[in-house]
Structures are given as structure tokens and as C-alpha cells.
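1. Prediction below, plus the sequence it came from.
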Amino acid sequence: MLKPIIEFCASNMHHGTDQVMKRLEENPDYDVIEYGCLGNCGECYLFPFGMVNGEIVAGETAEELEQRIMEAIKEQQAEREALDRIIDDL
């Protein structure tokens with residue numbers, strides 16, 4: 001199974017996403033990457049955000065962002081597993 005790729009913008013760290021990133025980096029099941037810019041300046045300025053496998057995930061607070069990241073990982077894994085079952089049935 002592929003590891004989820006979780007990306008953060010260095011310019012968004014003032015929202016507390018640096019702590020979220022550090023916690024996620026401790027999990028060997030995730031690939032966590034920090035970029036200087038993810039090209040989402042509107043989101044970056046307004047609220048904590050990150051990307052899970054290329055999809056934007058945001059929250060009102062860093063804690064909410066972390067919860068939403070975990071939810072996005074579970075949802076994306078469930079979608080992949082469903083697709084795998086469909087392919088296996090073909």
C-alpha cells in the first residue's frame with residue numbers, strides 16, 4: 001500500500017501547522033513534505049491547510065486541520081480499497 005503524501009507550506013506555519021507537521025512526521029506510515037510554497041496563497045493566508053495526496057485539506061484551527069487530515073487519509077484509503085475490489089472483480 002502506498003503511503004499518504006501530506007504536504008505543508010512553510011508560509012502557513014504561523015497558523016500552528018508546524019506542530020501538526022511534526023506530529024505527522026513521527027508516523028512512519030506517512031510521507032510528510034514541507035514546501036516553501038504550495039501555490040495556494042489565499043488559503044495559506046487565511047487558515048491552516050495542507051494537502052493529502054494532492055487534495056487541499058483545511059481547518060479553522062491547527063487541531064481541526066489535523067483531524068481533517070486524518071479523515072482525508074481514511075477516506076482516500078477506503079476509496080482506493082473500493083476501486084481495488086472493483087478491479088479484482090473484473
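-> Thanks, I have the structure now.
2. Contacts only, for the residue most central in space within the chain.
-> The chain has V52 as the residue nearest its centroid, 3.2 Å off, counting by Cα atoms, centre = their mean. Contacts for V52 (Cβ atoms under 8 Å, 6 or more residues apart in numbering) come out as 4-6, 69, 72-73, 76. In short, each C-beta sits where N, CA and C put it, glycine included.
3. tell me which residues form a beta bridge with it?
-> I6, E55 (DSSP bridges).
4. shaky segments in this structure?
-> Where the chain drops to pLDDT under 70, the residues are 1.
5. how about 80 then?
-> Along the chain, segments meeting pLDDT under 80 span 1, 42-43.
6. Do a quick rundown of the helices in it.
-> Residue ranges of the helices in the chain, as given by DSSP state H, are 17-25, 41-46, 62-89.
7. so can I have TSV of those showing distance to I56 and mean neighbour count?
-> TSV is the format used below for the helices of the chain (distance: least, Cβ to Cβ, whole Å; neighbours: other Cβ atoms under 10 Å):
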stretch	distance to I56	mean neighbour count
helix 17-25	13	18
helix 41-46	7	14
helix 62-89	9	14
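8. Compile the ones you listed into JSON lines and extend it with columns for distance to E34.
-> Output for the helices of the chain, formatted as JSON lines (distance: least, Cβ to Cβ, whole Å):
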{"stretch": "helix 17-25", "distance to E34": "6"}
{"stretch": "helix 41-46", "distance to E34": "13"}
{"stretch": "helix 62-89", "distance to E34": "14"}
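9. Out of the ones you listed, which gets nearest to I33?
-> Of all those, it is helix 17-25 that lies closest to I33, at 9.2 Å by Cβ to Cβ.
10. Run the chain-centre distance for that closest one.
-> Centre-to-centre, helix 17-25 and its host chain are 11 Å apart (Cα atoms, centre = their mean, to the nearest Å).
11. Same question for stretch 28-41.
-> Chain-centre distance of stretch 28-41: 8 Å, with Cα atoms, centre = their mean.
12. Convert the C-alpha atoms of that stretch to PDB, please.
-> The C-alpha coordinates for stretch 28-41 follow below in PDB (Å, rounded to 0.1, in the frame of the first residue of the first chain):
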ATOM      1  CA  PRO A  28       6.400   6.100   9.600                       C
ATOM      2  CA  ASP A  29       3.200   5.300   7.600                       C
ATOM      3  CA  TYR A  30       3.100   8.900   6.200                       C
ATOM      4  CA  ASP A  31       5.300  10.800   3.800                       C
ATOM      5  CA  VAL A  32       5.400  14.400   5.100                       C
ATOM      6  CA  ILE A  33       6.900  17.100   2.900                       C
ATOM      7  CA  GLU A  34       7.300  20.800   3.600                       C
ATOM      8  CA  TYR A  35       7.500  23.200   0.600                       C
ATOM      9  CA  GLY A  36       8.300  26.900   0.500                       C
ATOM     10  CA  CYS A  37       5.100  27.400  -1.300                       C
ATOM     11  CA  LEU A  38       2.200  25.200  -2.500                       C
ATOM     12  CA  GLY A  39       0.700  27.900  -4.700                       C
ATOM     13  CA  ASN A  40      -2.500  28.400  -2.600                       C
ATOM     14  CA  CYS A  41      -1.700  31.800  -1.200                       C
END
